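# A predicted structure for the sequence below; I have some questions about it.
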Amino acid sequence: MSSLLIFGYGYTARVFVEAVQDDFTTFFGTSRKPHSKQSGLVKLLRFDGVDADPVLHQAVMEAEAVLVSVPPDERGDPVLDAFSDLLAQNQNLRWLGYLSTVGVYGDHQGKWVDERTPLYPHSERSKRRVEAEQAWLDFGQQTGLPVHVFRLAGIYGPGQNALVNLQQGTAKRVIKEGQVFNRIHVEDIAAVLKASLQKPHAQAIYNVSDDEPSPPQDVVAYAAQKSGYPLPPEMPFEKANLSPMALSFYGENKRVSNALIKEALGVTLAYPTYRQGIDALYAAGEGR
């Protein structure tokens, strides 16, 4: 019996399970407050960062693969803090993936970055991510467990995209000269994780982003053209009245290379740019 355990069973994890549903016989996922004990194939177990369902301890001991999708807090990585001893005792574990963010690179004035680029995180949130990445990699080296780090770009997909934002009236076209963002379709994240499962490489770090870092206003404009929704007016960055989190995103400008997932894992992106992603989402009925 092979088991997949996911800490933090959310949006990306659900799509990942769909992609690997034939590769495992048992699926466990954690939630801070599960509303039920089952979500499709996945048996849900409580883990709020401190307290855990007793069944979870056994699941940690027996999992063949573990995906960590829980962000660090001010105390560190809650999964590593709570379960490092049990993970180290797991004789079945052949793959452990940690979902991080391209925010760890900080600001590079629009230049290209890859996995070898020095990390200059600006926000406290990104600094915690750098510390969590290193903690997991150190843990892998100390225990011999096959730890992999995936630095995700901005995630979009069904229910979370510019078409839906236009439909709901929340889309904005904030203009900041030279600003680009990196993004990735959730199904392509799942494909990268599955490829890594099939070809594990301990201590690997992968950028997970599409081929075309782009100005955010261009994505909104393309979605409006595709859907027929009115194009929101341009809004200068200085007058946009953005939230602190949004401001932190605009404070970082970089182009993230995805060459390694293609070279090392043989991944071909289904949605290499936002245009293919939006086209497919609209064809599926998104934003209508």
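Ah, there it is. Numbers count the residues shown, from 1 in each chain.

# Contact partners for residue 149?
97-98, 100, 133, 136-137, 204-206 (C-beta atoms under 8 Å, 6 or more residues apart in numbering). In this view, the C-beta of every residue, glycine as well, is placed from N, C-alpha and C.

# Show me those that map onto helices.
Counting by DSSP state H, these place 133, 136-137 in helices.

# In CSV: the contacts of residue 149, plus neighbour count, distance to residue 21 and pLDDT.
Formatted as CSV, the contacts of residue 149 follow (neighbours: other C-beta atoms under 10 Å; distance: C-beta to C-beta, whole Å; pLDDT from 0 to 100):
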residue, neighbour count, distance to residue 21, pLDDT
97, 24, 17, 98
98, 27, 22, 98
100, 23, 25, 98
133, 22, 28, 98
136, 24, 26, 98
137, 18, 29, 98
204, 20, 24, 98
205, 19, 27, 98
206, 24, 22, 98
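
# Helices of the stretch 101-250 of the chain, residue ranges please.
Counting by DSSP state H, counting those that start in this stretch, the stretch 101-250 of the chain has helices at residues 124-143, 162-168, 186-198, 216-227, 244-250.

# okay if I get those as JSON lines plus distance to residue 265?
Formatted as JSON lines, those follow (distance: least, C-beta to C-beta, whole Å):
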{"stretch": "helix 124-143", "distance to residue 265": "18"}
{"stretch": "helix 162-168", "distance to residue 265": "28"}
{"stretch": "helix 186-198", "distance to residue 265": "4"}
{"stretch": "helix 216-227", "distance to residue 265": "26"}
{"stretch": "helix 244-250", "distance to residue 265": "27"}
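
# okay, the ones you listed, which one's buried deepest?
Counting by mean count of other C-beta atoms under 10 Å, helix 186-198 has the highest mean neighbour count of those, with a mean of 21.

# Pull the residues that contact that one.
11-12, 15-16, 18-20, 23, 65, 67, 95, 97, 148, 150, 152, 155-158, 160, 204, 206, 208, 210, 261, 265-267, 269-271.

# just to revisit the earlier point, so which of the helices of the stretch 101-250 of the chain gets nearest residue 174?
helix 216-227 (6.7 Å; C-beta to C-beta).

# helices or strands up against the closest one?
Here helix 216-227 touches helix 162-168, strand 173-175, helix 274-283, going by 3 or more C-beta pairs under 8 Å, 6 or more residues apart in numbering; DSSP states H and E.

# tilt between it and helix 274-283?
Angle, helix 216-227 to helix 274-283, by axes from the mean of the first three to the mean of the last three C-alpha atoms, to 10 degrees: 40 degrees.

# Dump the helices and strands packed on helix 216-227 to CSV, plus distance to residue 221 and mean pLDDT.
Listed next are the helices and strands packed on helix 216-227 as CSV, based on distance: least, C-beta to C-beta, whole Å; pLDDT from 0 to 100:
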stretch, distance to residue 221, mean pLDDT
helix 162-168, 9, 97
strand 173-175, 7, 95
helix 274-283, 11, 98
